[in-house]
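Participant: Take a look and give me a structure for this.
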Amino acid sequence: MHHFFSSLLMFAPPAGGGTPNPFVQLVPLILIFVVFYFFLIRPQQKKQKEREKVLESLKRGDRVVTIGGLHGTVAGIDSEKKTVLLQVGDNLKLKFDRSAVANVEKQDAGDKLSTKE
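Facilitator: Here you go, the predicted structure:
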């Protein structure tokens, strides 16, 4: 029994020179998958869910930055087309996809918009 555990831990074939246990050959692949899941896949899924919550909670008056680095204030939201109207100057308004919003700098007290204005 002791020999089985030592060969399992060292990933070595049994002492008799026979073929190694197929389970022992799969252990490294399983460990690699577990590491990828807990250190790469799972955190990325949490980050994506958090980003979707932020984009859903956008409302008029929020100061945002787009993925292109444009700073502006949300002037309107079209939930059907999933677009955001940003005011970037005194009389300048630009339309972006909602997914183009990188982050929200400041959330002012404003009405949550569900239709285009």
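Participant: Return the distance of residue 61 relative to residue 50.
Facilitator: Note on residue 61: its distance to residue 50, by Cβ to Cβ, to the nearest Å, is 21 Å. C-beta: built from backbone N, CA, C; applies to glycine.
Participant: neighbour-wise, which of those two wins?
Facilitator: The neighbour comparison of residue 61 against residue 50 (other Cβ atoms under 10 Å) goes to residue 61, with 16 against 10.
Participant: Verify the contact between the more buried one and residue 73 for me.
Facilitator: Yes - taking contacts as Cβ atoms under 8 Å, residue 61 lies within contact range of residue 73: 6.5 Å.
Participant: Find residues that contact each of those two.
Facilitator: A shared contact of residue 61 and residue 73, defined by Cβ atoms under 8 Å, 6 or more residues apart in numbering, is any residue touching both; here there are none.
Participant: Quick one, grab the pLDDT at the spatially most central residue of the chain.
Facilitator: Against the mean C-alpha coordinate of the chain, by Cα atoms, centre = their mean, the closest residue is residue 48 at 2.8 Å. The model reports residue 48 with a pLDDT of 94.
Participant: Which strand or helix spans it?
Facilitator: Using DSSP states H and E, residue 48 maps to helix 42-56.
Participant: Let me see the residues that make contact with the helix or strand that that helix is followed by.
Facilitator: For helix 42-56, the succeeding helix or strand toward the C-terminus, using DSSP H and E, is strand 63-66. Contacts of strand 63-66 with the rest of the structure, by Cβ under 8 Å, 6+ apart, involve 58, 71-74, 84, 86, 96, 100-108.
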